[in-house]
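Asks: How does the following fold in three dimensions:
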Amino acid sequence: MFSLLYVLLSGIALPVGGIQMQYLWRNQLGDVYSLGLGSAACLGAAAATMSGWCSLTVGSFVCTLICTLVCFLVTLRVSTQNLITFGILFGTFIGSLGTIVVTNAPNGELLKQYYLWGAANFRLEGVSGFDIAFSLCLFAAGLAAALFWARDLSRHFRGEIELSNFRKALSLLMIMFLVTSAVSICGPIGFISLGVPNISRILCKSTDIRRHYLISSAMGVGLLLITYLVVQYASFGVYLPISATMAIIALPLMAITFRKA
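Replies: Coordinates of the predicted model:
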């Protein structure tokens with residue numbers, strides 16, 4: 001039951017976070033992982049797994065929060081274009097720290113536990129009731145903020161207004177809540193936060209972000225559900241990570257969509 005719950009939650013949280021980043025940056029390459037949020041989640045999960053100082057969820061959240069606060073402070077001082085460059089470099093730095101932690105795993109069992117989390121197969125191994133309640137609170141807060149600021153984000157994207165750097169930074173924090181609600185439990189899931197919002201914008205030319213929330217969420221949930229069923233019941237005995245399988249399934253869809261566009 002909880003596996004399907006997080007298929008639904010991830011299918012909403014990641015595309016909604018992705019489309020917000022694209023509207024904030026006015027750039028189709030905007031992605032929730034561009035500022036190092038995914039790398040920070042992996043670093044936190046790795047540190048928690050190898051040290052045992054907290055659960056995967058808490059470790060992932062703490063590191064992602066620190067990463068977001070750094071980006072928050074940077075956003076107050078630099079332009080959006082410079083923020084993108086900073087995010088790529090910062091994400092590389094965070095990813096390097098995660099690699100060091102993982103390659104120094106005390107034993108193979110801990111390394112396997114971390115890898116299974118990173119494979120994002122919705123098995124929720126080692127996830128406690130507190131972890132689930134915590135992630136649901138993050139999801140509710142992030143989604144509420146996305147809906148509350150939808151009109152201003154749409155106007156900012158159209159160039160009718162310019163959001164202040166403080167407002168952009170606050171939006172980043174709320175996007176982090178939304179994304180971490182899924183990533184901290186299920187691991188990083190690629191494509192869905194970048195590819196799905198772009199497909200939505202190709203299919204629907206409206207600049208009202210609320211329409212893209214609906215379209216992206218429907219597509220995200222549908223794509224994740226299909227991938228989950230393939231992984232669970234049609235893997236033919238081969239271990240298939242969700243992210244890799246979804247990218248393979250979605251590639252023809254992306255090719256057809258962009259060709260029509």
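Asks: Now do the contacts for residue 77.
Replies: Counting by C-beta atoms under 8 Å, 6 or more residues apart in numbering, residue 77 touches residue 165. Heads up, the C-betas are built off the backbone N, CA and C, glycines and all.
Asks: what about residue 130, helix or strand, and which?
Replies: helix 129-148 (DSSP states H and E).
Asks: following that helix, which helix or strand comes up?
Replies: helix 150-158.
Asks: List the buried residues of that following helix.
Replies: For helix 150-158, burial by neighbour count (16 or more other C-beta atoms under 10 Å) applies to 150, 152-157.
Asks: again, but for stretch 131-149
Replies: 131-132, 134-135, 138-139, 142-143, 145-146, 149.
Asks: likewise stretch 243-260?
Replies: Residues of stretch 243-260 classed as buried: 243, 245-247, 250, 254, 257 (neighbour count, 16+ other C-beta under 10 Å).
Asks: wait, which of the residues you listed is closest to residue 7?
Replies: Of all the buried residues of stretch 243-260, residue 7 sits closest to residue 246, with 11.2 Å by C-beta to C-beta.
Asks: can you redo the buried residues of stretch 131-149 as TSV with pLDDT?
Replies: Below are the buried residues of stretch 131-149 laid out as TSV (pLDDT from 0 to 100):
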residue	pLDDT
131	84
132	88
134	87
135	89
138	91
139	95
142	94
143	96
145	96
146	95
149	93
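Asks: which one of those residues is nearest residue 204?
Replies: Looking across those and measuring by C-beta to C-beta, the closest to residue 204 is residue 146, at 17.2 Å.
Asks: Next, the contact list for the closest one, please.
Replies: Contacts of residue 146 by C-beta under 8 Å, 6+ apart are 16-17, 20, 174-175, 178, 213.
Asks: one step back: tabulate the buried residues of helix 150-158 (JSON lines), appending distance to residue 235.
Replies: Below are these laid out as JSON lines (distance: C-beta to C-beta, whole Å):
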{"residue": "150", "distance to residue 235": "38"}
{"residue": "152", "distance to residue 235": "44"}
{"residue": "153", "distance to residue 235": "39"}
{"residue": "154", "distance to residue 235": "41"}
{"residue": "155", "distance to residue 235": "46"}
{"residue": "156", "distance to residue 235": "43"}
{"residue": "157", "distance to residue 235": "40"}
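Asks: quick one on the thing from earlier: among the contacts of residue 146, which lie within helices?
Replies: Of the contacts of residue 146, the ones assigned to helices by DSSP state H are 16-17, 20, 174-175, 178, 213.
Asks: Could you find which two of those residues are furthest from each other?
Replies: Every pair of the ones in helices among the contacts of residue 146 checked by C-beta to C-beta; the farthest is 174 and 213, at 13.8 Å.
Asks: just for this protein, where's the confidence low?
Replies: 80-81, 256-261 (pLDDT under 70).
Asks: Helices along the stretch 1-150 of the chain, start to end?
Replies: 2-25, 37-51, 56-75, 80-103, 108-118, 129-148, 150-158 (DSSP state H, counting those that start in this stretch).
Asks: Much appreciated, bye for now.
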